[in-house]
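Turn this into a model:
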Amino acid sequence: MTNEGKENLEGMKMQTAKDTFYAALRDRMAAQFPGRTAAIRGLVRPAVMVEENELVTGDSPLETFVLRWTGRSVEGSSDVEMLTCEIRYATEGSQELAGVDRGRRLSELDAELTQVLEPRVTAEKNFAISPPEVTGANVFWSEPAFEDSATDADRLERVVKVSVMSSSAAVEE
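Next comes the predicted model:
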């Protein structure tokens, strides 16, 4: 196989890991927090989205977990390829309290994200075919690293970083 063929295969493998991670978070959000939804492009769906897959203009939707893929690396001599995912979200607080509850709302979002990230493994699925098929591999991720909150006008924002990896060893959820 040529180097270009290997790179394409590795790229497809990591895309499968990205798709699987997103689907796991989306499905867990729908099951555990059915009221946490967002209207994106006219569709109401679980409040998890992948930035590179959406036509986002300006600020991201409030109280929605936006996945941004920012890095790719190989861990030491193990040849385990890792992707860095930044999960971004923001709140303006509630209208009823004129936004003075932004801190509480951000803490609620932190807790929801922590909950849907557990367990930190899921069966890998190939979403390039319909219906998606389980590949026999697993996608797993690191503990979330919560950055300090930041203020942007009326918005209180947070970025959480997670390292996402794929393994051919199957484990049950």
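
Now do the helix or strand where residue 162 lies: which elements does it pack against?
Secondary structure assignment for residue 162, by DSSP states H and E: strand 155-167. Packed against strand 155-167 by the contact rule (3 or more Cβ pairs under 8 Å, 6 or more residues apart in numbering; DSSP states H and E) you find helix 3-32, strand 80-91, helix 102-116, strand 133-141, strand 145-146, strand 150-152. Every residue, glycine included, has its C-beta placed from N, CA and C.

by how many degrees do that strand and helix 102-116 diverge?
Interaxial angle, strand 155-167 versus helix 102-116 (axes from the mean of the first three to the mean of the last three Cα atoms, to 10 degrees): 10 degrees.

State the mean pLDDT of stretch 129-148.
Per-residue pLDDT over stretch 129-148 has a mean of 95.

Excluding chain neighbours, give the residue nearest to the residue nearest the centre of the chain in space.
Nearest residue to the geometric centre of the chain (Cα atoms, centre = their mean): residue 67, 4.3 Å. Here the nearest residue to residue 67 in space, its sequence neighbours aside, is residue 50; by Cβ to Cβ, 6 or more residues apart in numbering that works out to 4.8 Å.

again with residue 135
Using Cβ to Cβ, 6+ apart and skipping the chain neighbours, the partner closest in space to residue 135 is residue 124 (4.6 Å).

That neighbour - that's part of a helix, no?
No: Residue 124 is assigned strand when assessed by DSSP: H, G, I helix; E, B strand; the rest coil, not a helix.

Contact partners for it?
Neighbouring residues of residue 124 by Cβ atoms under 8 Å, 6 or more residues apart in numbering: 16-17, 20, 134-139, 166.

try it again with 6 Å
For residue 124, the contacting residues are 20, 135, 137-139, by Cβ atoms under 6 Å, 6 or more residues apart in numbering.

Run the chain-centre distance for the lowest-mean-pLDDT helix or strand in the chain.
When the helices and strands of the chain are scored by mean pLDDT, DSSP states H and E, helix 3-32 comes last with a mean of 80. Its chain's C-alpha centre and that of helix 3-32 lie 10 Å apart, by Cα atoms, centre = their mean, to the nearest Å.

which other helices and strands contact that helix?
When contacts are defined as 3 or more Cβ pairs under 6 Å, 6 or more residues apart in numbering; DSSP states H and E, helix 3-32 sits against strand 43-46, strand 48-50, helix 102-116, strand 121-126, strand 133-141, strand 155-167.
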